[in-house]
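In: pasting the structure only:
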Ligand code: SAT
Ligand code: MN
């Protein structure tokens, strides 16, 4: 217990003492957040066979998860508010007392044979009025090192907390205690006993049994979206599942855009987009790829920050053509989970390059091209610091004014490439009606169409109807609201081919949005919304026929 003696925050110190007594770890470590600390943890993981150093990428490590622990588990994620009505039908509700009691039993002795790490972290810049602090207790060094990339983590956060600052208490265990002498697994977890429970009234998150992504990095979806959305409702702001980017036109005029897409629908690629041929005089800058916290400003505009400091991006499909900035971001000091390993000591995934003649796949098995299975899990991820992203916006740590909000989804039918809402109320309705085909980022059937309002279905911490109303209420207070657009980059044609080339070419859609925001092009008014005219759409440098355009932009079937 020596490790916590120096803590000046009495209540936090007591919480850690009390939890440690219950979790029964063999050691306790308060994280400082230094590079040396992370290096030592990763070295230790390699020594135990739980991580593999990647010789070709300085400071990079590969992790292979248990094949039963590869994605967010929505079916085991609960919001335990006082009443089911507050959580809404969009959430699995759990009675707070019953869930706490059950999880207390699960956590009893859960860290035996392991080290309990205390991870103080800040979502948003330390000291900013928009930021929120959390303290995660975890027995996963992988989580510690990931949290160091994804958040501001360590001693400076404890300093910011002072003697009585408030924080969200986050308790996480992989749920696999070790008996004396018991050999550890390469990815400890407890897939039969997973539960991620949020207790909004107690400012508390419990997560048990999984070590993967949004289940385990509690700053991200748990605090950054579910708990933050509740805080936003109470305090008059919005926590959104949105990328944040800057777009500058050839004349040097700049706009900031926030865009909501469901998980694994291209947020990272869009946020880091490289201008295509014919548009090299435009500039795109990256502020964030997953979460935006949005506040009304005194001037009647909306201002957004990215509360994270890293990317937890989907690896497969990320290549030199589709997203060179992401590749440069994860060239060093990054973690890779469930990708393949090349014989000459690099990582590999589908879409990165031509497949080598031999690989070790994400489960550690021999792999050759044509063997009939992918080398990488479809939800394999890279965890990389935003500081290494070449397209990073110089103002990425500041609140930026939003000119446009975009709602997008993955729809192979019915939904046009782009449509502008008639006004804020209509735009919110478009967002609320978003439907998307499910991806491998969560449990469920890939490809199945589901309603996903504002891409927040798995992340809104309270009743969806109250959330939509909150959006409308915020809109009423704004003298200068951003324009709201709906996009779909995934529509398919008669031959099951994508009608729109996507990736860098999506800048054309952003350019049209930019021109609409600045009143530079007209639009066709329809009851469904405002549509671009083919003649005005920025297609220079891309051969795209009117016929294909009409199929792309058609409303409905
Ligand atoms: O929730 S994760 O962080 O695992 C990824 C996502 O679904 O966006
Ligand atoms: Mn996400």
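Out: Perfect, I can see it now. Model, not experiment: these values are computed from the prediction. Ligands and ions are numbered 1, 2, ... in the order given.
In: Can you check the pLDDT for the residue of the stretch 1-150 of the chain found nearest ligand 2?
Out: Ligand 2 sits closest to residue 72 of the stretch 1-150 of the chain, with a gap of 8.9 Å, by Cβ to the ion. Quick note: C-beta positions are derived from backbone N, CA and C, even for glycine. In this model, residue 72 is scored at 97, pLDDT.
In: and the gap between the residue in the stretch 251-400 of the chain positioned nearest to ligand 1 and residue 376?
Out: Using Cβ to the nearest ligand atom, the single residue of the stretch 251-400 of the chain nearest to ligand 1 is residue 263, 3.1 Å away. Relative to residue 376, residue 263 is positioned 17 Å away (criterion: Cβ to Cβ, to the nearest Å).
In: got it, and residue 486?
Out: Residue 486 is 31 Å from residue 376, where distance means Cβ to Cβ.
In: Spell out which residues of the chain are next to ligand 1.
Out: Residues of the chain lying near ligand 1 by Cβ under 6 Å from any ligand atom: 72, 213-214, 220-221, 263, 312, 441-442.
In: mind listing the helices for the stretch 1-150 of the chain?
Out: Using DSSP state H, counting those that start in this stretch, the helices of the stretch 1-150 of the chain run over residues 2-5, 10-23, 35-47, 84-87, 96-107, 141-150.
In: and what of the stretch 301-450 of the chain?
Out: 324-329, 424-432.
In: right, and those - which one's nearest residue 242?
Out: helix 424-432 (10.5 Å; Cβ to Cβ).
In: Show me what counts as buried in the helix or strand of the chain with the lowest mean pLDDT.
Out: None of the helices or strands of the chain scores lower by mean pLDDT, DSSP states H and E than helix 2-5, at a mean of 78. Across helix 2-5, burial judged by 16 or more other Cβ atoms under 10 Å covers 3-4.
In: which helices and strands does it pack with?
Out: helix 10-23, strand 27-30 (3 or more Cβ pairs under 8 Å, 6 or more residues apart in numbering; DSSP states H and E).
In: rerun at 6 Å
Out: The contact analysis (3 or more Cβ pairs under 6 Å, 6 or more residues apart in numbering; DSSP states H and E) places helix 2-5 against strand 27-30.
In: what about the strand it packs on, average pLDDT?
Out: For strand 27-30, mean pLDDT rounds to 98.
In: What of stretch 488-495?
Out: Stretch 488-495 carries an average pLDDT of 95.
In: For the remainder of this discussion, apply numbering that starts at 43.
Out: With 43 as the first residue, the last one maps to stretch 530-537.
In: Filter the residues of the chain next to ligand 1 down to just the ones in strands.
Out: Here DSSP state E is the test, and the residues of the chain next to ligand 1 give residue 354 as lying in strands.
In: Out of the residues of the chain next to ligand 1, the closest to residue 240 would be?
Out: Closest to residue 240, out of all of those and judged by Cβ to Cβ, is residue 263, at 9.9 Å.
In: wait, that closest one sits on residue 257?
Out: No. Residue 263 lies out of contact with residue 257 (Cβ atoms under 6 Å); the separation is 8.4 Å.
In: Which parts of the stretch 193-342 of the chain are strands?
Out: In the stretch 193-342 of the chain, the segments counted as strands under DSSP state E, counting those that start in this stretch are 194-195, 210-215, 237-241, 246-250, 280-282, 284-290, 296-302, 325-330, 334-338.
In: Which strands border the first one, and is each parallel or antiparallel?
Out: Right, strand 194-195. Here strand 194-195 is paired, per DSSP bridges, with strand 157-165 (antiparallel).
In: same thing with the fourth one?
Out: When pairing is defined by DSSP bridges, strand 246-250 lines up against strand 210-215 (parallel), strand 237-241 (antiparallel).
In: Break this structure down into its structural domains.
Out: Split into domains by automatic domain parsing, the chain comes to 44-72+113-277, 281-348+438-595, 355-430.
In: Need those domains in CSV (columns: distance to residue 79).
Out: Putting the domains of the chain into CSV (distance: least, Cβ to Cβ, whole Å) gives the following:
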stretch, distance to residue 79
domain 44-72+113-277, 8
domain 281-348+438-595, 23
domain 355-430, 14
